[in-house]
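Student: Provide a 3D model corresponding to the input given below.
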Amino acid sequence: MKRILIKNARIVNEGKIFEGDVLIENELIAEIASSISAKPEVQVIDAEGSYLLPGAIDDQVHFREPGLTHKGTIASESKAAIAGGITSFIEQPNTVPNAVTQELLEDKYAIASQSSYANYSFMMGGTNDNLEEILKTNPRNVAGLKLFLGSSTGDMLVDSSDSLEKIFSSTKLLIAVHSEDEGTVKGNLEKFKEIYGDDIPVKFHPEIRSVEACYKSTVKVIDLAKRTGARLHVFHISTAKELDLFTNKIPLEEKQITAEVCIHHLWFSDADYETKGNFIKWNPAVKSAADREALWKALLDDRIDVIATDHAPHTLEEKKQVYTKAPSGGPLVQHAVVAMFEAHHQGKISIEKIVDKMAHNPAKLFKIEKRGFIREGYYADLVLVNPAMPWTVKKENILYQCKWSPFEGTNFKSRVTHTFVNGQLVYQNGKVNEIKAGKRLLFER
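Tutor: Numbering: from 1, shown residues only. Next up is the predicted model:
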């Protein structure tokens, strides 16, 4: 039996921080106590001065495999994820080919079973005409269904009202949506193309992918969910205007409609386009500082339920193209947890709340089995963060295959020092151990 004892940690779990020890036996957390004595056959890790967190669960990533592996692979991006303290991810279906049949979906699981450093699930993709395939999806071992209501990377737009109605009325799967109104976006884009052609200044991105485009779509999809009783999760909320559409009046476990915010919408604002350009071009767009402040407020008062990354790597060459050709998205999994710790250092959020939004709540929201908490009998997906070990993001310490980050040059005060996936020490002090310990996530439903 493999045993690891983490001693003297500041354990962060379920709204509390307390000093203690955690014993890992094989894949599971065997014991949590104020003090556990070390035995000769146990590997001891002294965590004094560090926080022990449940590993973050990222409910929205794009790892690009199959079909777009020049941008990233499940192996390369999951390696970056564990270095950043993310121990489980849910990947989206707009790979090539799109994961819109059961066979194509299972192909991705087969790849991950051989190559993933982190735990994994893959969303089934919805289209205007694949309802039959959607209904074959097993809710026990698939995170949910993803619908693109606004076009993004790939070709998975669901723009038929009739198809949407049928999908929402027919499936009990959690339905996650990219919510932007396609007609509004297209109309805005054409106006700017008339003036600038393809070389539109990126500062106009939030006027093209506008507040109104987001709000119009989100109102429509929430109305549809309420009418049909569907379980709806709205990805990457980016505007103040959408926030009153969500509630904090009931516990998360009882919500039928939930919301996510992403790291980039909490960190950047439209003022950053001047220096960052296409490297902060995302869909939905990074918007105003006022929108950003409203997102923080809704995150803290629980109208927004989870923090994710929408990790979406593209090559430097792709991002350096003119506006209409430069793809939207950027890599974030390696820097998400420390970015939130930086916000903690700035007085914006407590460490307990970070753990709620990045570990506990994704586990609750998706009903993930035995993960997301530091509990005896749960899988030992654990992360140690030293809050006083400064470092700077540089090309040489970026693990993304695309080798760039919107955080390049940023100084972080905190550092992920150790990551455990299913009880195995997969990352330690800047070095990834070549252990592909990830398992397929299972769901209690």
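
Student: shaky segments in the stretch 301-445 of the chain?
Tutor: Within the stretch 301-445 of the chain, not a single segment meets pLDDT under 70.

Student: from residue 214, how far out is residue 182?
Tutor: Remark: distance between residue 182 and residue 214 (Cβ to Cβ, to the nearest Å) = 12 Å. Yep, even glycine has a C-beta here, placed from its N, CA and C like the rest.

Student: just residue 129 next, same as before
Tutor: 26 Å.

Student: who has more neighbours, these two?
Tutor: Counted by other Cβ atoms under 10 Å, residue 129 and residue 214 do not tie: residue 214 has more neighbours, with 28 against 12.

Student: please verify my assumption that the more buried one contacts residue 179.
Tutor: Yes - here residue 214 reaches residue 179: they are 6.3 Å apart, a contact under Cβ atoms under 8 Å.

Student: overlap in contacts, these two.
Tutor: Common neighbours of residue 214 and residue 179 (criterion: Cβ atoms under 8 Å, 6 or more residues apart in numbering): residue 284.

Student: select the longest helix from this protein.
Tutor: Longest helix in the chain, counting residues (DSSP state H): helix 211-228.

Student: by contact count, what packs against that one?
Tutor: For helix 211-228, the packing partners by 3 or more Cβ pairs under 8 Å, 6 or more residues apart in numbering; DSSP states H and E come out as helix 161-170, helix 182-196, strand 232-234, strand 257-262.

Student: try it again with 7 Å
Tutor: Applying 3 or more Cβ pairs under 7 Å, 6 or more residues apart in numbering; DSSP states H and E, one finds that helix 211-228 contacts helix 161-170, helix 182-196, strand 232-234.

Student: where do the helices sit along this protein?
Tutor: Going by DSSP H, the chain shows helices at 74-83, 102-115, 131-134, 161-170, 182-196, 205-208, 211-228, 263-267, 273-276, 289-300, 316-319, 336-345, 351-355, 361-366.

Student: out of those helices, which is the most enclosed?
Tutor: Among the helices of the chain, helix 74-83 has the highest mean neighbour count (mean count of other Cβ atoms under 10 Å), at a mean of 27.

Student: test my guess that residue 408 contacts residue 396.
Tutor: No - counting by Cβ atoms under 7 Å, residue 408 stays clear of residue 396, with 10.8 Å between them.

Student: and those two? Which one has more around it.
Tutor: Between residue 408 and residue 396, counting by other Cβ under 10 Å, residue 408 is the more crowded of the two (15 against 5).

Student: and the nearest residue to that one once chain neighbours are set aside, what is it in contact with?
Tutor: Closest residue in space to residue 408, ignoring its immediate chain neighbours: residue 393 at 5.3 Å, by Cβ to Cβ, 6 or more residues apart in numbering. The contact partners of residue 393, by Cβ atoms under 7 Å, 6 or more residues apart in numbering, come to 335, 405, 407, 408, 409, 410.
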